[in-house]
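*Asks:* predicted model, plus sequence, below.
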Amino acid sequence: MKVAILSRAPRSYSTQRLVTAATERGHDARVLDTLRFSIDLSGREPDLQYRGRPLDDVDAVLPRIGASITFFGLAVVRQFEQMDVYTPSPSNGIANSRDKLRAIQILSRHDVSIPATTFVRDRADVLPAIERVGGAPVVIKLLEGTQGIGVILAPDTKVAEAVIETLQSARQNVLIQRFVAESKGRDIRALVIGDRVVAAMRRVAKGDEFRSNVHRGGTVEPVELDPEFQRVAVQAAQIMGLRVAGVDMLEGADGPVVIEVNSSPGFEGIERATELDIAGAIVDFVASQVAFPELDIRQRLTVSTGYGVVELAVNEGAALVAAGTTIGELRDKDISVLTLHRGTAVIPNPRSERVIEVDDRLLCFGNLEAMRGLVPGRRRRSRLQLQPLPDPMITDDA
Ligand SMILES: Nc1ncnc2c1ncn2[C@@H]1O[C@H](COP(=O)(O)OP(=O)(O)O)[C@@H](O)[C@H]1O
Ligand SMILES: [Mg+2]
């Protein structure tokens, strides 16, 4: 295959390793400077120029987009996606993971533990926010920091308030997060490729530093990850929409606590610590997936007016259950069930004979009118006193 590596640092360890691994396997690998692309929307189809010339066809693109060029870098990756070029790091996944608030918001509805976190704007809301995450000491984080820069441990409430106020006055958005004290100075980096963890290491902070980043002087050691950490790492990467990711977890009292998902994880530390060929594993994975370019399912499927993608939560008392409805019977009503979530199981393409049960969640594509009839109304969270809303679960795009 022909693979383009998007990088501003052609000589960096990770970029070099990808080039070597691809070349060794007989692929044609080129490093392209992310900032030398022109996104061309002037013709009939989306196109890209590189250094002013038409870009040769490529089969896959491996973005290594640094924080300083996120905006342009994402636009370039998105353009490759419009051109149906495969990438294990879709623009959406990079965007989700780059912003710590966005990442944690997305993870929070899933079965993945995150540190209690709040995000507030008004001064009056700061103190209650600190209390809500368990009180001082608390961690304060800039939304887009990396390498441990922008992560502060405030020992008491007064300091926390002062730090937050200072950062906000400098127009910085900050998260307030519970300090996972039992993990002080240590974290786990799991490298996820596809649906498995291929390597993991523990990072240990230097001296009494609480941040374990290598850039802050942390040291690394290989670890054998237990299955729960592996499950959580893979799930976090998948939820973010990344097929290659470095998932950072704290070792909490009740198991793994995800703090961050990195879309361009460096290989140097983890390859040295584990003596594994991470770059080779990525290239092999990409070669196996190259026929499946990223696809925004909602964008494609909702183009047909009156049809949409909807998640149906089957409540107690749902007519579907009372009637013993099967997946096949839904199909006859113009509703295709793409996946069935039952307990902790996810069943893709469920068989037509399957009978729907209480607490199932069905991810469906189908006729919105038909699906509207199946949902009794929006599930409301009991502790919120909301005015009844006009059935917002399904929005007709007509
Ligand atoms: N809530 C927390 N509790 C305890 N330690 C934390 C917490 N959040 C971050 N850390 C420590 O600080 C380091 C940097 O935080 P992280 O959120 O990964 O930011 P960065 O993107 O700068 O690496 C982590 O590797 C971990 O060692
Ligand atoms: Mg980190």
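*Replies:* Right, received. Where do you want to start? Ligands and ions are numbered 1, 2, ... in the order given.
*Asks:* for the worst-scoring helix or strand of the chain on mean pLDDT, which helices and strands make contact with it?
*Replies:* The helix or strand of the chain with the lowest confidence, counting by mean pLDDT, DSSP states H and E, is helix 297-301 at a mean of 75. Counting contacts by 3 or more Cβ pairs under 8 Å, 6 or more residues apart in numbering; DSSP states H and E, helix 297-301 packs against strand 307-313. From N, CA and C alone the C-beta is placed, and that goes for glycine too.
*Asks:* ok, 10 Å please
*Replies:* strand 307-313, strand 361-367 (3 or more Cβ pairs under 10 Å, 6 or more residues apart in numbering; DSSP states H and E).
*Asks:* given the last one, what are its sheet partners and their directions?
*Replies:* Think strand 361-367. strand 307-313 (antiparallel), strand 335-342 (antiparallel) (DSSP bridges).
*Asks:* how about the helices and strands packed on helix 297-301 in a markdown table, adding mean pLDDT and distance to Asp248?
*Replies:* Converted to a markdown table, the helices and strands packed on helix 297-301 look like this (pLDDT from 0 to 100; distance: least, Cβ to Cβ, whole Å):
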| stretch | mean pLDDT | distance to Asp248 |
| --- | --- | --- |
| strand 307-313 | 89 | 29 |
| strand 361-367 | 93 | 28 |
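*Asks:* and among the ones you listed, the most buried is which?
*Replies:* For the helices and strands packed on helix 297-301, the largest average neighbour count (mean count of other Cβ atoms under 10 Å) is found in strand 361-367, namely a mean of 20.
*Asks:* C-alpha coordinates for whatever helix or strand comes next after it, CSV please?
*Replies:* Per DSSP states H and E, the first helix or strand lying C-terminal to strand 361-367 is helix 368-372. Listed next in CSV are the C-alpha coordinates belonging to helix 368-372 (Å, rounded to 0.1, in the frame of the first residue of the first chain):
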residue,chain,number,x,y,z
LEU,A,368,-38.6,8.1,11.8
GLU,A,369,-42.4,8.1,11.9
ALA,A,370,-42.4,4.3,12.6
MET,A,371,-39.8,4.7,15.3
ARG,A,372,-41.6,7.6,17.0
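*Asks:* got a list of what the closest residue to Lys100 other than its chain neighbours touches?
*Replies:* Spatial nearest neighbour of Lys100, excluding adjacent residues (Cβ to Cβ, 6 or more residues apart in numbering): Leu143 at 5.3 Å. Shown in contact with Leu143 (Cβ atoms under 10 Å, 6 or more residues apart in numbering): Arg98, Asp99, Lys100, Leu101, Arg102, Ala103, Phe119, Gly150, Gln172, Asn173, Val174, Leu175.
*Asks:* need the strands paired with strand 361-367 in CSV (columns: distance to ligand 1).
*Replies:* As requested, the strands paired with strand 361-367 are exported to CSV (distance: least, Cβ to the nearest ligand atom, whole Å):
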stretch, distance to ligand 1
strand 307-313, 30
strand 335-342, 29
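*Asks:* will you turn the ones you listed into CSV that also has distance to Ser42?
*Replies:* Shown next, in CSV, are the strands paired with strand 361-367 (distance: least, Cβ to Cβ, whole Å):
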stretch, distance to Ser42
strand 307-313, 32
strand 335-342, 36
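*Asks:* which stretches in the stretch 251-398 of the chain count as helices?
*Replies:* 268-274, 278-289, 297-301, 319-322, 327-332, 368-372 (DSSP state H, counting those that start in this stretch).
*Asks:* return the most buried member of those.
*Replies:* Comparing the helices of the stretch 251-398 of the chain by mean neighbour count (mean count of other Cβ under 10 Å), helix 278-289 comes out on top with a mean of 20.
*Asks:* perfect, I'm done here.
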